[in-house]
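A.B. asks: please find the sequence and the predicted model below.
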Number of protein chains: 2
Amino acid sequence: MDMNQDAIADWLADAARAARAASSLLAHSSADARNAGLHAAATQLRAQARDLIVANALDLLAFDAGSGTPAFRDRLALDPQRVEAMAQGLDDIAALPDPLARTLADWTRPNGLRIRRIAAPIGVIGMIYESRPNVGADAAGLCLKSGNAVILRGGSDSFHTARAIHQAVSTGLREAGLPEAAVQIPPATDRAYVAAMLAAAGQIDLIIPRGGKSLVTRVQAEARVPVLAHAEGLCHTYVHQAADPDMARRIVANAKMRRTGVCGATETLLIDAAIAPTLLPLIAADLTALGCSFRAGPRARAIVPSMAPAVSGTFDTEWLDSVLSVAVVDGIDHALHHIAHHGSDHTDAIITDDAAIADKFLRSVSSAVALWNASTQFCDGAEFGFGAEIGIATGRLHARGPVGLEQLTTYRYVITGTGQIRP
Amino acid sequence: MDMNQDAIADWLADAARAARAASSLLAHSSADARNAGLHAAATQLRAQARDLIVANALDLLAFDAGSGTPAFRDRLALDPQRVEAMAQGLDDIAALPDPLARTLADWTRPNGLRIRRIAAPIGVIGMIYESRPNVGADAAGLCLKSGNAVILRGGSDSFHTARAIHQAVSTGLREAGLPEAAVQIPPATDRAYVAAMLAAAGQIDLIIPRGGKSLVTRVQAEARVPVLAHAEGLCHTYVHQAADPDMARRIVANAKMRRTGVCGATETLLIDAAIAPTLLPLIAADLTALGCSFRAGPRARAIVPSMAPAVSGTFDTEWLDSVLSVAVVDGIDHALHHIAHHGSDHTDAIITDDAAIADKFLRSVSSAVALWNASTQFCDGAEFGFGAEIGIATGRLHARGPVGLEQLTTYRYVITGTGQIRP
């Protein structure tokens, strides 16, 4: 076991060193070269679609011998359409603006020194994700475009699939004359690879975990490398008493039920006492018709008694399912207090026609994304116009909200002088 | 001991909770209110100057009973001029632009959603520093201005001084109607406070260590909280063969000798073989006249035999003293290779009249700051026009180079709609 761990640490050290060299090359490559690499990788995914699906069948066979859920199996499964979608995803990333071609600031000091803050790749990124194979392809594409190298560690359940995808991407990089070490995967499923990645301070610059809460919290707790992630999306929609009732009904139904498994789905409805008696029954009926059930506080149940009662922990639960926590509140301060207490700094929305109240809400919630009169499900890189995202971040540093290409870059200063010395 | 550690963890939990509440208030306070707090703190520092100097005398007495160096004593000592400089520092911070009044991006999506990325405080910052008392006052001022709360842990040697400064700042905050919990210090010098701060993930958002390499590397190794810092500044000045000889002499002398103890001081001179025979003797004479000694590689010693020989580790040494490592290199690729191998990603400079070579250098070094024809000692927040800095960062995430007010902020998204739901 110890020897195995040493071997794994050695593999990681070699991989990270090669990745850093690759990132260094990518940092100075032209956007055209990186885009050609993306297109070549997409072409290889299409050309090797049959191999990908055969590899995926191996993973599905192993999965079917176990006791996983149908939902998990669906996330794991590849078919020709999904392979094409992955390939198209890489082509789409190639079409996005170059995130490295940005001068973020440019000023000249009184002494004549010109200081420019310019975008630069972060370096070596470690991506730790679960079963969905496309996450690996997307992450490879976003990292390549932004000049970063990436080490992809997918779930053990999708190992053969991930390896086949990596194979195709590698071939594409090689054909485009880019360093294959820019995208790497561990050679085996041993969990010690994850531990080694999390411990690799100085070798890996950033870990991005993408998956369920248990994966992300474990990564956050163990990592010695900076982590960009969200562990949960306990999102609130607050219906203020001055809300337009029809808009509120439409938005709450969408925010909860459009897709229940996404991190931007609303988990808790807060509704003002002044409007709840007339509006809550309508919202409850809308959602019930869509298949949603409820866990409601006593004041909400006094209005809609058919709702199941909230219990201890209800308002701290990210359902990711057709379940909505419901609480009646006494105005905005009460709502803000509830969100500060139970929220996860992800996404929170207010529905109101009162601009002053909306302004107070938007200023006061600490979440990465605060919305007024719109669905929380808009917290998404594509909906922001980022084209693609590698995840959502709820921490305080570097990037918050959807993490797209720009958020995968850092900056450095370039200063040009004419012989200046410091007095 | 265990009980003491529990008590310390309890203190920190309470302090961090109060700090977060204070930061939340500061985040929504006006710039005028925060500036009034800064001026009031400055006024209190001036009013309590005598108390500060008495407290400092206690620290100096304890110091004089030990075996510290004169340089350390000088850093520790306060006098009326230094108190006034601290107060003036807070007044100066008040005069800087409000870092929270910034909309970093503002766009409208085809569906009509308006998305704004706006500056926001990071939250609760833990500042861990060594003996220089003004670091605490500066950090308190920069954090207050940027809407952050701060827990200040200074060196044990300056505990009485730090407490007196904290007392004055607290009084100023109270008089200005701002939350005193925005600036806190541990009630005792126990080292377990540092350990508790480093472990306080979720309570403290960011640790900024400021001090020698051993302090910073220990913090980086132990912290469970994100860290913004530099452990060392192993800065290079590379004199390319097309350098203007007079400019090169002037810049190298300044970069090494203006102040030798700052992190932006040049530690290693790289000089092209083509120009070294004529230029290196002149540079060596200039620096010798200024009191500098050398540790030189064999090719440099072949030109200036009086220089002491480099030994193993020479080129990995941050001297912070009147010592310069010297190596002759064979052009830019050799220089870049040396810097990639031995540098600390802090600040590196090239001296050349060849714009294409300069461009290659500026693109290729991975340092936070790359300079062309200027002294490495310009790596400083004031020289960047930031007004003040809390430190220099060499990591890859969030902020690199001088960390000023803007770098003490993060962002969040505010989205305004008219009832949009996601299809």
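C.D. replies: Arrived safely, thanks for sending.
A.B. asks: which residue, other than its chain neighbours, is closest to residue A:290?
C.D. replies: Nearest residue to residue A:290, sequence neighbours excluded (CB to CB, 6 or more residues apart in numbering or on different chains): residue A:257, at 4.6 Å. Glycine gets a C-beta too; all of them are placed from N, C-alpha and C.
A.B. asks: residues in the stretch 151-300 of chain A within reach of chain B, list them.
C.D. replies: Taking CB under 8 Å from any CB of the partner chain as the criterion, the stretch 151-300 of chain A approaches chain B at residues A:201, A:205-206, A:220, A:226, A:244, A:247, A:250-251, A:253-255, A:258.
A.B. asks: can I get those residues in CSV including secondary structure?
C.D. replies: Shown next, in CSV, are these (DSSP: H, G, I helix; E, B strand; the rest coil):
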residue, secondary structure
A:201, strand
A:205, coil
A:206, strand
A:220, helix
A:226, coil
A:244, coil
A:247, helix
A:250, helix
A:251, helix
A:253, helix
A:254, helix
A:255, helix
A:258, coil
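A.B. asks: just the buried ones from these?
C.D. replies: If you count burial by 16 or more other CB atoms under 10 Å in any protein chain shown, the buried members of these come out as A:205, A:206, A:220, A:226, A:244, A:247, A:250, A:251, A:253, A:254, A:255, A:258.
A.B. asks: ok, the residue nearest to the fifth one when sequence neighbours are not counted - contacts?
C.D. replies: In this case it means residue A:244. In space, and not counting its chain neighbours, residue A:244 is closest to residue A:353: 5.7 Å by CB to CB, 6+ apart. Shown in contact with residue A:353 (CB atoms under 8 Å, 6 or more residues apart in numbering or on different chains): A:242, A:243, A:244.
A.B. asks: quick check: phi and psi on residue A:353?
C.D. replies: The phi and psi values for residue A:353, taken as degrees, to the nearest 10, are phi -100, psi 0.
A.B. asks: so what's it scoring on pLDDT?
C.D. replies: Listed pLDDT for residue A:353 reads 98.
A.B. asks: how about residue A:71?
C.D. replies: What the model reports as pLDDT for residue A:71 is 86.
A.B. asks: how near is residue A:317 to chain B?
C.D. replies: To chain B, residue A:317 is 19 Å away according to CB to the nearest CB, to the nearest Å.
A.B. asks: pretty sure that residue sits against residue A:310.
C.D. replies: No - under the criterion of CB atoms under 8 Å, residue A:317 makes no contact with residue A:310, lying 9.4 Å away.
A.B. asks: thinking again about what came up before, dump the contacts of residue A:353 into JSON lines; add pLDDT as well.
C.D. replies: Formatted as JSON lines, these follow (pLDDT from 0 to 100):
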{"residue": "A:242", "pLDDT": "98"}
{"residue": "A:243", "pLDDT": "98"}
{"residue": "A:244", "pLDDT": "98"}
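A.B. asks: from those residues, which is closest to chain B?
C.D. replies: Using CB to the nearest CB, residue A:244 comes nearest to chain B of these, at 7.2 Å.
A.B. asks: neighbours of the closest residue to chain B within the stretch 1-150 of chain A, how many?
C.D. replies: As assessed by CB to the nearest CB, chain B sits closest to residue A:122 within the stretch 1-150 of chain A, at 5.0 Å. Residue A:122 has 24 neighbours, counted by other CB atoms under 10 Å in any protein chain shown.
A.B. asks: for it, phi and psi?
C.D. replies: phi -70, psi -40.
A.B. asks: report the contact partners of it.
C.D. replies: A:146, A:148, A:205, A:206, A:408, A:409, A:410, B:396, B:397.
A.B. asks: where does pLDDT dip in chain A?
C.D. replies: A:1-3 (pLDDT under 70).
A.B. asks: and the longest strand for it?
C.D. replies: strand A:409-420 (DSSP state E).
A.B. asks: which strands or helices does the helix ranked longest in chain A pack on?
C.D. replies: Longest helix of chain A, by residue count under DSSP state H: helix A:2-27. Here helix A:2-27 touches strand A:114-121, strand A:124-129, strand A:149-153, strand A:183-184, helix A:192-198, going by 3 or more CB pairs under 8 Å, 6 or more residues apart in numbering or on different chains; DSSP states H and E.
A.B. asks: quick one: closest of these to residue A:349.
C.D. replies: Checking the helices and strands packed on helix A:2-27 against residue A:349 by CB to CB gives strand A:124-129 as the closest, at 27.7 Å.
A.B. asks: ok, that closest one near chain B or not?
C.D. replies: No - Strand A:124-129 stays clear of chain B (CB under 8 Å from any CB), getting no nearer than 9.1 Å.
A.B. asks: next, the angle strand A:149-153 makes with the helix or strand that comes right after that strand.
C.D. replies: Moving toward the C-terminus from strand A:124-129, the next helix or strand (DSSP states H and E) is helix A:134-145. Here the directions of helix A:134-145 and strand A:149-153 differ by 170 degrees (axes from the mean of the first three to the mean of the last three CA atoms, to 10 degrees).
A.B. asks: by contact count, what packs against helix A:134-145?
C.D. replies: By 3+ CB pairs under 8 Å, 6+ apart, helix A:134-145 packs against helix A:31-47, helix A:80-95, strand A:124-129, strand A:149-153, helix A:159-175, strand A:183-184, strand A:206-210.
A.B. asks: list the helices and strands the shortest one packs on?
C.D. replies: Meaning strand A:183-184. Using 3+ CB pairs under 8 Å, 6+ apart: strand A:183-184 touches helix A:2-27, helix A:134-145, strand A:149-153, helix A:159-175.
A.B. asks: ditto for the second one
C.D. replies: Contacts of helix A:80-95 with other secondary structure elements, assessed using 3+ CB pairs under 8 Å, 6+ apart, are made with helix A:31-47, helix A:49-64, helix A:134-145.
A.B. asks: now the second one, how far from the chain's geometric center?
C.D. replies: Put plainly, it is helix A:49-64. Distance of helix A:49-64 from the chain centroid (CA atoms, centre = their mean, to the nearest Å) equals 26 Å.
A.B. asks: tell me the angle it makes with helix A:159-175.
C.D. replies: Helix A:49-64 and helix A:159-175 are oriented at 160 degrees to each other (the same axes, to 10 degrees).
A.B. asks: buried stuff in the helix or strand that helix A:49-64 is followed by?
C.D. replies: For helix A:49-64, the following helix or strand on the C-terminal side (DSSP H and E) is helix A:70-76. Going by neighbour count (16+ other CB under 10 Å), the buried part of helix A:70-76 is A:72, A:73, A:75, A:76.
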